[in-house]
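Engineer: quick one, structure for this:
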Amino acid sequence: MCAHILATAAWPYANGPRHIGHVSGFGVPSDVFARYMRMSGNEVLLVSGSDEHGTAIQVKAEAEGLTPQQTADKYHDVIVHDLQGLGLSYDLYTRTTTRNHEAVTQEVFRTLYANGYVIEKTQLGALSPSTGRTLADRYIEGTCPFCKFPRARGDQCDNCGNQLDPTDLINPHSRIDGEVPEFVETTHFFLDLPALAEQLMAWLDSRQDWRPNVLNFSYNFAKELKPRAITRDLDWGIPIPVKGWENEDMKRIYVWFDAVIGYLSASIEWAARTGQPDAWKDWWQDPEARSYYFMGKDNIVFHSVIWPSMLLGLNGEGSRGGTPSHWLGTLDMPTEVVSSEFLTMKGSKVDTSEGVVIYVGDFLREFGPDALRYYIAVAGPENRDTDFTWDEFVRRNNNELANEWGNLVNRSVSMAFKNNGAIPEAHELTADDEALLAASREAFNTVGALLEQCKFRAAITEAMRVAAQANQYISQQEPWKLKDDPIRRDTVLNTALQVVSDANTLLTPFLPHSAQKIFEMLGGTGVWAAQPEIRTVSEGAGEQATSYPVLMGDYAHEQARWESRPIVAGTPLSKPVPLFTKLDEKLADHGPEWAAV
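Structural biologist: Numbering: from 1, shown residues only. As a prediction, this is how the structure comes out:
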């Protein structure tokens, strides 16, 4: 049955190139899921964008002698090209500095304010003594007062999950330059989370099928909810849409608040850009629609507690009631929050600020997209922190991707191409033939069920099991020795090619670039697995007009479907081309020179 599936990926900061730790959490998992759901016949909307407001952008801008907008422009362009190169099939990858995003964010703010869930309060705000600028909570670090974790942030502790304020930290200091912040009184707007707590907890109690790490973090954070500031003393961000505050030059909506609204604003922008302005409602206002939010574990609470609380308030379902926005209406709650753990390197989180980093662009130029996608799927941090090592990457690439899968494709197609030039005809099947074909067909149910549950590692392992069975079958049948029995040889090769075709379909969500090549080797024409396109779009008019790159794509016309597709005898085969490059074993020690840490 066709369903509307909203898939969202956390918005990366546009303050630098993204590294492989980022895409292992938000990027590849969301794309694998979206591709599978499209292949299964569902109406999928995959959206995300660059997060371009907040202190991180200002700090980077000052360091490079640019304005915040110039910095956002620069790194948004880099990120768009990297994600396109990785093959992330966004229906729209946009940005938060658009007029559309500002309008949607202000509408959300106004509705929450009108419903009584945004309140005005005075608090102690952190300032940088050297610049006089507000320090964002996430850029203040210290010891957690609850679990004594030494690197807790000013908004939460990633170790125990407790919600914090910067003033709660023991020995707080700036992550930017190490200086001790000054705390001064300032008035701001707060999301009144306690007024939404009862309804939030009831909703969380209904999410028992979520990943354990997501539920644990969410419950720990939701135990003692406090009002959370949603404005800050900044001059870079979205203006506050409240009478008397619109022209405040040094107060803006805080970056975490507008970033989570991006999923909604991107959906609305996508609908407008495709000429169907109300189409976004199919994914946001239909109780039968399903929504999946993908991110790393440091973003769990924003998606499992804060954003759901905002949605409850927008829908008027908190303790104060309220009326939904006339424009936005009643919005669906998240179906699932799919969080990955951290990808580490030498025991440390892959993190630019820590100097432990492998940039996506560098990796793609050296090894190509499918090598990285395969590694993330089969050995990434799906359920636990995982240490990236060059030894493991080289082993997986050479032994599994090249030797197991690439070799199966190459020798199957090569033998059939050499002997027949086309897909040979199958004659009477033996028990071995039937058993392999049955296992191949059954894998669609097994792998599909795992992908439905976002169990990507188990899913790709099952898909590769089919390839291993086919390799074993060819080794046992030895078709190269059947020159005097062409009927049996053709049957063996037909069987092998059918399983290659099936396995290619099973692996298409994970390895879309090589899947397209294999489809063509087997005689296919046209688009099998569609790729995203970089498009330049614009908004505004006259002197106010702006243009920017986005990722979009035409995925409706791709041919990949989640089913065994019978091969047709007589279909001309193409001469095999190399799919995966075996890597020099020397890389296993330290990786390429540019990756030295």
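
Engineer: element containing the closest residue to W284 other than its chain neighbours, please.
Structural biologist: Once flanking residues are discounted, W284 sits nearest to L331: 5.3 Å by Cβ to Cβ, 6 or more residues apart in numbering. To be clear about C-beta, it is placed using only N, CA and C from the backbone, and glycine gets the same treatment. L331 belongs to no helix or strand when assigned by DSSP states H and E.

Engineer: low-confidence stretches in the chain?
Structural biologist: For the chain, applying pLDDT under 70 flags the ranges 1, 161, 163, 347-355, 596-597.

Engineer: residue furthest from the geometric center of it?
Structural biologist: D484 (52.7 Å; Cα atoms, centre = their mean).

Engineer: strands of the stretch 401-550 of the chain, residue ranges please.
Structural biologist: For the stretch 401-550 of the chain, applying DSSP state E, counting those that start in this stretch gives strands covering 533-539, 546-552.

Engineer: ranking these by burial, who's on top?
Structural biologist: Comparing these by mean neighbour count (mean count of other Cβ atoms under 10 Å), strand 546-552 ranks first with a mean of 18.

Engineer: contact partners of the helix or strand that that strand is followed by?
Structural biologist: Next in sequence after strand 546-552, counting helices and strands by DSSP H and E, comes helix 587-590. Identification of contacts with helix 587-590 by Cβ atoms under 8 Å, 6 or more residues apart in numbering yields 390-391, 393-395, 596.

Engineer: cool, stretch 458-475 as well?
Structural biologist: For stretch 458-475, using Cβ under 8 Å, 6+ apart, the contacting residues are 374, 377-378, 400, 404-405, 407-408, 411-412, 432, 436, 439-440, 443, 446-447, 450-451, 492, 495-496, 499-500, 502-503, 506-507, 510.

Engineer: can I have the buried ones of these as a ChimeraX selection?
Structural biologist: Buried members of the contacts of stretch 458-475, defined by 16 or more other Cβ atoms under 10 Å, are picked up in ChimeraX with:
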select :374,377,378,400,404,405,407,408,411,412,436,439,440,443,446,447,450,451,492,495,496,499,500,502,503,506,507,510
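
Engineer: now, the contacts of stretch 458-475 that are in helices?
Structural biologist: Judged by DSSP state H, the contacts of stretch 458-475 include 374, 377-378, 407-408, 411-412, 432, 436, 439-440, 443, 446-447, 450-451, 492, 495-496, 499-500, 502-503, 506-507 as members of helices.

Engineer: doesn't P194 make contact with S309?
Structural biologist: No. If you go by Cβ atoms under 8 Å, S309 and P194 don't touch, sitting 10.0 Å apart.

Engineer: of those two, who's got more company?
Structural biologist: Shown here are S309 and P194; by other Cβ atoms under 10 Å, S309 has more neighbours (26 against 15).

Engineer: need the contact list for that one.
Structural biologist: 191, 193, 196, 200, 318.

Engineer: ok, now how distant is the closest residue to it other than its chain neighbours from P592?
Structural biologist: In this structure, S309 finds its nearest non-sequential neighbour in L196, 4.5 Å apart by Cβ to Cβ, 6+ apart. With distances taken as Cβ to Cβ, to the nearest Å, L196 is found 49 Å from P592.

Engineer: who has more neighbours, these two?
Structural biologist: Neighbour comparison, L196 and P592: the larger count goes to L196, with 26 against 17 (by other Cβ under 10 Å).

Engineer: quick one: residues contacting the more buried one.
Structural biologist: Counting by Cβ under 8 Å, 6+ apart, L196 has contacts 117, 225, 309, 312-313, 318-319.

Engineer: tell me the secondary structure for T187?
Structural biologist: Here T187 is recorded as strand under DSSP: H, G, I helix; E, B strand; the rest coil.

Engineer: ok, now the one 10 residues further on?
Structural biologist: The three-state assignment at A197 reads helix, by three-state DSSP.

Engineer: neighbours of it, how many?
Structural biologist: 20.

Engineer: would you list the phi and psi of the closest residue to it other than its chain neighbours?
Structural biologist: Nearest residue to A197 in three dimensions, chain neighbours excluded: L225, at 4.9 Å (Cβ to Cβ, 6+ apart). Torsion angles at L225 (phi, psi; degrees, to the nearest 10) stand at phi -70, psi 140.

Engineer: kindly report the same for the one 10 residues further on.
Structural biologist: Backbone dihedrals for D235, given as degrees, to the nearest 10, come out at phi -110, psi 10.

Engineer: grab the nearest non-local neighbour of it.
Structural biologist: M250 (5.5 Å).

Engineer: so that neighbour lies in a helix, does it not?
Structural biologist: No. M250 is assigned coil when assessed by three-state DSSP, not a helix.

Engineer: now for the closest residue to P486 other than its chain neighbours: which residues touch it?
Structural biologist: Leaving aside its chain neighbours, P486 sits nearest to N419 (7.7 Å; criterion: Cβ to Cβ, 6+ apart). Residues counted as contacts of N419 (Cβ under 8 Å, 6+ apart) are 486, 489-490, 493.

Engineer: pull out the buried positions in stretch 72-83.
Structural biologist: Neighbour counts over stretch 72-83 (16+ other Cβ under 10 Å) mark 72-76, 78-83 as buried.

Engineer: how many neighbours does V255 have?
Structural biologist: Neighbours around V255, by other Cβ under 10 Å: 25.

Engineer: likewise D282?
Structural biologist: Other residues close to D282 by other Cβ under 10 Å number 17.

Engineer: what's the closest non-adjacent residue to it?
Structural biologist: Leaving out its chain neighbours, the residue that sits closest to D282 by Cβ to Cβ, 6+ apart is H4, at 5.0 Å.

Engineer: what does W283 give?
Structural biologist: L6 (4.2 Å).

Engineer: the one you found belongs to a strand, doesn't it?
Structural biologist: Yes. According to three-state DSSP, L6 belongs to a strand.

Engineer: quick one: contacts for it?
Structural biologist: When the contact criterion is Cβ under 8 Å, 6+ apart, the partners of L6 are 45, 47, 263, 267, 283-284, 289-292.

Engineer: from these, which ones fall inside helices?
Structural biologist: 263, 267, 283-284.

Engineer: distance to Y93 and neighbour count added to these, as a markdown table?
Structural biologist: Shown next, in a markdown table, are the ones in helices among the contacts of L6 (distance: Cβ to Cβ, whole Å; neighbours: other Cβ atoms under 10 Å):
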| residue | distance to Y93 | neighbour count |
| --- | --- | --- |
| Y263 | 12 | 25 |
| S267 | 12 | 23 |
| W283 | 16 | 25 |
| W284 | 18 | 21 |
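
Engineer: take these and write them to JSON lines, including distance to H173.
Structural biologist: Conversion of the ones in helices among the contacts of L6 to JSON lines gives the following (distance: Cβ to Cβ, whole Å):
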{"residue": "Y263", "distance to H173": "33"}
{"residue": "S267", "distance to H173": "39"}
{"residue": "W283", "distance to H173": "43"}
{"residue": "W284", "distance to H173": "41"}
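
Engineer: now for the contacts of N419, which pair is the farthest apart?
Structural biologist: P486 and L493 (10.1 Å; Cβ to Cβ).
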